[in-house]
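>>> any chance you can model this:
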Amino acid sequence: MPDSRDRRAAEDERLFLSGPRSRWAELVRIFRIAWEFVRGFRGLHFVGPCVTVFGSARMHDGHPYYALGREVGAAFSRAGFTVMTGGGPGIMEAANRGAREAGGASIGCTINLPFEQQGNPYLDKRVHFDHFFVRKVMLVKYSYAFIVLPGGFGTLDELFESATL
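Got it, this is the predicted structure:
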């Protein structure tokens, strides 16, 4: 029997393929997205000077890029910056871990994905999002700088989004 995530993914796919929705449904969607922006702005308002680290979710402790992410997080933390990531595993976790180990603030902007991770254990604050575009706005809005470490298509998307905003 499929679990609730499987059912939700199937329902999302059915809705996507069904074509345009009613005007009322679209209006409701607009308000949900607007509320997600408000929650993000409120949740991140007091983060202070911040640096966002982008990178792979697939690298694990022991990998050289994980070690690099940890060093980057610690270095920016020691320089007085809050370290913000997507809040997932891999390089994101490494940067958050480095920040926390150096005594700095560590923030994750997590996303709701089927079959994916929850926030990593090194987050001082976790702000959750349902839409990638809202999450990317928050990752960019509060940052003074962006560090892009090795990753996949998601990291490339974040790199180009940051470069064009």
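>>> pLDDT score for residue 98?
The per-residue pLDDT reported for residue 98 equals 99.
>>> list the contacts for it?
69-75, 77, 83 (CB atoms under 8 Å, 6 or more residues apart in numbering). (C-beta placed from N, C-alpha, C; glycine too.)
>>> off-centre distance for the helix or strand where residue 15 lies?
Element membership of residue 15, judged by DSSP states H and E, is helix 4-17. Helix 4-17 has its C-alpha centroid displaced from the chain centroid by 22 Å (CA atoms, centre = their mean, to the nearest Å).
>>> can we start the residue count at 546 from this point?
In the new numbering, first residue 546, that becomes helix 549-562.
>>> could you identify the helix or strand that succeeds it?
Counting by DSSP H and E, the next helix or strand C-terminal to helix 549-562 is helix 568-589.
>>> now the angle between helix 549-562 and that next one, please.
If you take axes from the mean of the first three to the mean of the last three CA atoms, to 10 degrees, helix 568-589 sits at 130 degrees to helix 549-562.
>>> list the buried residues for helix 568-589?
By neighbour count on 16 or more other CB atoms under 10 Å, the buried set for helix 568-589 is 581-582, 585, 588-589.
>>> before we move on, what about stretch 682-695?
By neighbour count on 16+ other CB under 10 Å, the buried set for stretch 682-695 is 682-685, 687-688, 691-695.
>>> of those, which belong to helices?
682-685 (DSSP state H).
>>> redo these as JSON lines? Include distance to residue 551 and pLDDT.
As requested, those are arranged in JSON lines below (distance: CB to CB, whole Å; pLDDT from 0 to 100):
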{"residue": "682", "distance to residue 551": "29", "pLDDT": "95"}
{"residue": "683", "distance to residue 551": "28", "pLDDT": "96"}
{"residue": "684", "distance to residue 551": "29", "pLDDT": "95"}
{"residue": "685", "distance to residue 551": "33", "pLDDT": "94"}
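>>> in a markdown table: those, plus distance to residue 602.
Formatted as a markdown table, these follow (distance: CB to CB, whole Å):
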| residue | distance to residue 602 |
| --- | --- |
| 682 | 20 |
| 683 | 18 |
| 684 | 14 |
| 685 | 19 |
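>>> what's the closest of those to residue 610?
Lowest distance from residue 610 to those (CB to CB) belongs to residue 684, with 19.3 Å.
>>> what's the distance between the closest one and residue 554?
Distance from residue 684 to residue 554, counting by CB to CB, to the nearest Å: 24 Å.
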